[in-house]
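Undergrad: here's my sequence, what's the structure:
(one chain, ligands or ions: 1)
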Amino acid sequence: MSQNGKRTWAEPFKIKMVELLKVTTPEERRKAMSDAGYNTFLLRSEDVYIDLLTDSGTNAMSDNQWAGMMLGDEAYAGSRNFYNLEANIRKFYGYRHIIPTHQGRGAEHLISKILIKPGDTVPGNMYFTTTRLHQELAGGSFVDVIIDEAHDSEFIHPFKGNVDLAKLAAVIERVGADKIPYISVAATVNMAGGQPISMENLRAVRTLCKTHGIRVILDATRAIENAYYIQLREPGYANVSIADILKEMCSYTDGATMSGKKDLMVNIGGFLALNEDDVYDEARNLVVVYEGLDTYGGLAGRDMEAMARGIEEAVQESHIRARIGQVDYVGEKLIALGIPIVQPIGGHAVFLDAAKFLPHLKQDQFPAQTLAAELYLESGIRSMERGIVSAGRNKLTGDHYYPKLELVRLTFPRRVYTQAHCDVLVEAVQETFERRAEIKGLKMVYEPKYLRFFQARFEPLG
Ligand code: F0G
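TA: The predicted structure follows:
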């Protein structure tokens, strides 16, 4: 069922500047894919028609954000744009202390280094690639405490990003609260298919952690999209504004890491937000080592201004309704065609279930990697693997992690593509689905040590 009425999600903007797209021939695409080692990350952007690789840094900024870019105060220290950003993060997210970072993983690096000691455990509602890696590099181990339903691509649950409180309690019991510096809570959960966490669950996580003296750190990357789902699905929130929901969510946490490249519609930028003075003092000191002075954190003044303005636009009800409405539009069409996707449809992307799409491939023949390559060959549309390649290897055993979800993510940049592009996408997925029986898998021929999905290379099997 559609979450939005038929036309209610029409874009609350008009287009002022356009970027021309290039359409390639099947022959050109075969060559490009082969040159890219069957990894969509290694394609050149100019060989891509509709780019659904990610919603990260690929958004269209508004005229107001671009105007802000011209007001960049590029002072080394104390830029006016930093204070504008700080004021808006305090106003809309509610945290006391702000440290800008070049993007989300810059913030993950700082918080992991400050709070995690070797031998610590960090529970979380499903891993995210960079988040978990920074926890591991700091000497910690990640433990997944998301509800079981999140690992089932077709299970309908309004808040599939919820933490399983019994799992969390069991981890605390097993390793002891003093070995858990914080729980890492993502809203929405990217790897589960853009699934939200409920306010009730977040509140319960807060209560449980408080009794054990454990911090809650929010991955706020797509928290505004999460707020929309709370408004839509959680009793008692239908008449609460997105801005108020966001602030309440943050109030149950001690700090947040943020990739501004998603919700906040900028091309670069992130931040670490904190409430505790002593943690902030350390972060403020450490950021100088890795990112830059604490009033720019690796960003130009103009980028901080664009992000400050992006916050105000991102919490607008008309914006968020259109943003998620577009994703929903594609998802509903694919469901109607009988194409296996993660349900409920997520906030930032439609996730094809590659295990069900290509049931004849074993997981170590990389079904999702294969499907992403085939969709490109079919149409020039670029998507991303979110399966066994992204999951990486267990650092102790050296074996692949075998995630239950083997997905291809069709990720929607905010305010970039039109409804006609969405229709082209649906047709391309349908055509790929019709010839699925002929599709063969891949073998990995080059594997980087960290975050292998970015640069790994493959060759076709058979
Ligand atoms: N947390 C989540 C939930 C993310 O989705 C990302 C990035 C990050 C943290 C890291 O932020 O890229 O600014 O350093 N996700 C991108 C994606 C890369 O395509 O989903 P970053």
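
Undergrad: tell me where the stretch 351-462 of the chain has strands.
TA: 384-386, 407-411, 442-446, 457-460 (DSSP state E, counting those that start in this stretch).

Undergrad: ok, which of the ones you listed comes nearest Pro196?
TA: Nearest of the strands of the stretch 351-462 of the chain to Pro196, taken as C-beta to C-beta: strand 407-411 at 16.5 Å. For the C-beta atoms, the positions are set from N, CA and C on the backbone; glycine is no exception.

Undergrad: double-check that Phe142 belongs to a helix.
TA: No. Secondary structure of Phe142 (DSSP: H, G, I helix; E, B strand; the rest coil): strand, not part of a helix.

Undergrad: Gln135 is in contact with that one, correct?
TA: Yes. The pair Phe142 and Gln135 qualifies as a contact (C-beta atoms under 8 Å) at a distance of 5.4 Å.

Undergrad: overlap of the contact sets of these two?
TA: Shared contacts of Phe142 and Gln135 (C-beta atoms under 8 Å, 6 or more residues apart in numbering): 122, 184.

Undergrad: between those two, which is the more surrounded one?
TA: The residue with more neighbours, out of Phe142 and Gln135, is Gln135; 25 against 18, by other C-beta atoms under 10 Å.

Undergrad: hang on, the earlier thing: deepest-packed of the strands of the stretch 351-462 of the chain, please.
TA: Highest mean neighbour count of the strands of the stretch 351-462 of the chain: strand 407-411, a mean of 28 (counted as mean count of other C-beta atoms under 10 Å).

Undergrad: what's that one packed up against?
TA: strand 349-353, helix 354-357, helix 367-379, strand 384-386 (3 or more C-beta pairs under 8 Å, 6 or more residues apart in numbering; DSSP states H and E).

Undergrad: count of residues packed around whichever residue of the stretch 201-350 of the chain sits closest to the ligand?
TA: Of the residues in the stretch 201-350 of the chain, the one nearest the ligand is Ser259, at a distance of 3.2 Å by C-beta to the nearest ligand atom. Residues near Ser259, counting by other C-beta under 10 Å, number 27.

Undergrad: how about the nearest residue to the spatially most central residue of the chain, chain neighbours excluded?
TA: The chain has Asn190 as the residue nearest its centroid, 4.5 Å off, counting by C-alpha atoms, centre = their mean. Distances taken as C-beta to C-beta, 6 or more residues apart in numbering put Phe128 closest to Asn190, at 5.6 Å, once the chain neighbours are dropped.

Undergrad: is it true that the one you found touches Ala192?
TA: No. Counting by C-beta under 8 Å, Phe128 does not reach Ala192; the two are 10.1 Å apart.

Undergrad: quick one on the thing from earlier: what's the spacing between the residue nearest to Asn190 and the ligand?
TA: Shown here: Phe128 relative to the ligand, a distance of 4 Å by C-beta to the nearest ligand atom, to the nearest Å.

Undergrad: give me every residue that touches that residue.
TA: 186, 190-191, 219.

Undergrad: which of those residues lies closest to Pro123?
TA: Among the contacts of Phe128, and counting by C-beta to C-beta, the member closest to Pro123 is Ala186, at 11.7 Å.

Undergrad: how much space between that closest one and Gln195?
TA: Taking C-beta to C-beta, to the nearest Å as the criterion, Ala186 is separated from Gln195 by 10 Å.

Undergrad: could you do Leu133 as well?
TA: With C-beta to C-beta as the criterion, Leu133 and Gln195 are 22 Å apart.

Undergrad: wait, His212 sits on Ala177?
TA: Yes. Look at His212 against Ala177 with C-beta under 8 Å: they come within range, at 3.9 Å.

Undergrad: how about stretch 282-297: buried residues?
TA: Neighbour counts over stretch 282-297 (16 or more other C-beta atoms under 10 Å) mark 282-284, 286-287, 291-297 as buried.

Undergrad: cool, and stretch 449-462?
TA: Buried residues in stretch 449-462 (16+ other C-beta under 10 Å): 452-453, 456, 458.

Undergrad: and those as CSV, adding pLDDT and distance to Ser34?
TA: Formatted as CSV, the buried residues of stretch 449-462 follow (pLDDT from 0 to 100; distance: C-beta to C-beta, whole Å):
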residue, pLDDT, distance to Ser34
Arg452, 96, 20
Phe453, 96, 19
Ala456, 98, 15
Phe458, 98, 10
